[in-house]
Each structure stands twice: as C-alpha cells, then as structure tokens.
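Peer 1: only geometry, no sequence info:
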C-alpha cells in the first residue's frame, strides 16, 4: 500500500504538506505535486500533520484518509480570556463528593487525551483506572506501608518530605493519600521507553484540564506514584505487564467545593536571549 495518495484534481500544489512534515519525507515533483522521499515508508511516524494541514482535503495517508479526519471549527476556538481562566482557574482538588465518576465520562476523557503530544508520536501511554473501594483501600494501605518503610530505612529523605507528619495523620484516620477520591487514574508505560516519563506527564496534564469540562476535579497523586515506582508490595497490587512502570496518577472525582478566585503565583523566571 502506498504511503500516501493525492487527488490531483483537488490538490492546489501549495507544498504545505511538505513544509509541515516533521521528518522531512514529503517532496514535490516538477509539477509541485507531493511525492514520498526516499525511505519515506520506514521513516514515517503516522502523525497525520500532512492530512491535517491540507486545505483541499486531497491528501490521503495510509493510516488515515482525509475523509476520516474531522474538520476544525473556528467558532470553537478558545478566546484569550477563556484560555486564561482555564489555566489560571485550575485547582488541585482534594475534597470530593461521595459520588462515583461515570465510566462513560472517563472513556470520553481518555479518548480525548490520545491527542496529547508524545515523543516521536509514540503514543506509548497506557491507563489503569481504579474505582473499586476495596482495591483503592489496598492501594492506600500500600502507600502508608511505603511511608513507614521510608521513615525506617531512609529517615533523612522521609523527614525532608514530612512523611512523619503525613503518616501520623493517616494513622489518625485522615485520608492524606488519595483524599477520599472515588477514582484513581494511573498512567503507565514501558520501563525502557525514553519517551515514557514525558509522554505520561503530558497526557496526565491534558487529562487534568479536560476533566474540568465535565465538572470533575483532579489532583496529582504524588505519594502513590512514589510508592508505585519503587515499592514491590504496591507493584504487586498494580500488576502491570512485565517491563511496565507507573509514571504518574491523578485522583479524580466531583469537587465538594467551588473556587471563586485565582490565587497569586510567583512571577515567571525568564532568561531572554533575543
């Protein structure tokens, strides 16, 4: 199967597909029609930039035809003010209603974050969604066990993270681990993938922002992920495929409270070299 085909009757020969190709595998023939460069089949990363940029819809890639790709609508673009509120209004939610998160909403959100950037379009992010109360409790207890292990085995590091105070609050009945969130979403990937840490972090960041559009709140589960990466009892509970590792997780649920103001933040530290 050809890497791509061109409808010459539609093609306006503007060269945009060649200009945006990230790996430089699209050339132009003497008549300025797109043609694959040498080695294009092996080097293509199936990112779809070529299909996305074509204004006439003449470019069909072997992985996606133009007709299969939805059109962008100018009327749905975020305004400057809307974008500002989306980012500045993001809060780490640590108080949740006792309302379960619907599976179809999570499926919608995870389908959406497939479009987050990933290194070399690798798309190597995998998801584990935990909502069973017994399993969530087992996860919390494993994190508490990790804290106690760290306090005994690496006390200086543990005290730097204030794990002594956090563990004390846990023993007093306060859920400082998953904050009584009804769901935990874990991003995992192949341990040997050099792109996995960044890809998972980017996907989780997109998920956190997207969740707000469905009335959900989220918070990064830092204690959980520290245990998931290093603590064998936790890894046994998670039971990832061999060679896989957690690279981050979000607590998810319906916020118990609504925020009304944007708190101040430190100024951006920028080195300009113009």
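Peer 2: Arrived safely, thanks for sending. All figures in this text were calculated on a predicted structure; none of them were measured in a lab.

Peer 1: all contacts plus neighbour counts: C-alpha atoms, from now on.
Peer 2: Noted.

Peer 1: for the lengthiest strand in the chain, what is the average pLDDT?
Peer 2: The longest strand of the chain (DSSP state E) is strand 244-253. The average pLDDT within strand 244-253 is 98.

Peer 1: cool, and stretch 85-101?
Peer 2: 97.

Peer 1: Show me what it is in contact with.
Peer 2: Contacts to stretch 85-101, defined as Cα atoms under 8 Å, 6 or more residues apart in numbering, come from residues 179-183, 209, 217-220, 252-257, 261-262.

Peer 1: Quick check: residue 21 touching residue 50?
Peer 2: Yes: using Cα atoms under 8 Å, residue 21 is in contact with residue 50, at 6.3 Å.

Peer 1: quick one on the thing from earlier: from the contact counts, what lies against the longest strand of the chain?
Peer 2: When contacts are defined as 3 or more Cα pairs under 8 Å, 6 or more residues apart in numbering; DSSP states H and E, strand 244-253 sits against strand 183-190, helix 196-211, strand 217-220, helix 222-230.

Peer 1: Same drill for residue 21 and residue 50, tell me which one is more crowded.
Peer 2: Using other Cα atoms under 10 Å, the more surrounded residue of residue 21 and residue 50 is residue 50, with 22 against 18.

Peer 1: how much space between that one and residue 73?
Peer 2: 18 Å (Cα to Cα, to the nearest Å).

Peer 1: Same question for residue 164.
Peer 2: Counting by Cα to Cα, the gap from residue 164 to residue 73 is 52 Å.

Peer 1: Pick out whichever of the two has more residues nearby.
Peer 2: residue 164 (17 against 7).

Peer 1: Identify the residues contacting the more buried one.
Peer 2: If you count contacts by Cα under 8 Å, 6+ apart, then residue 164 has 151, 158 around it.

Peer 1: Which pLDDT value belongs to it?
Peer 2: For residue 164, pLDDT reads 97.

Peer 1: State the helix or strand in which it lies.
Peer 2: helix 163-171 (DSSP states H and E).
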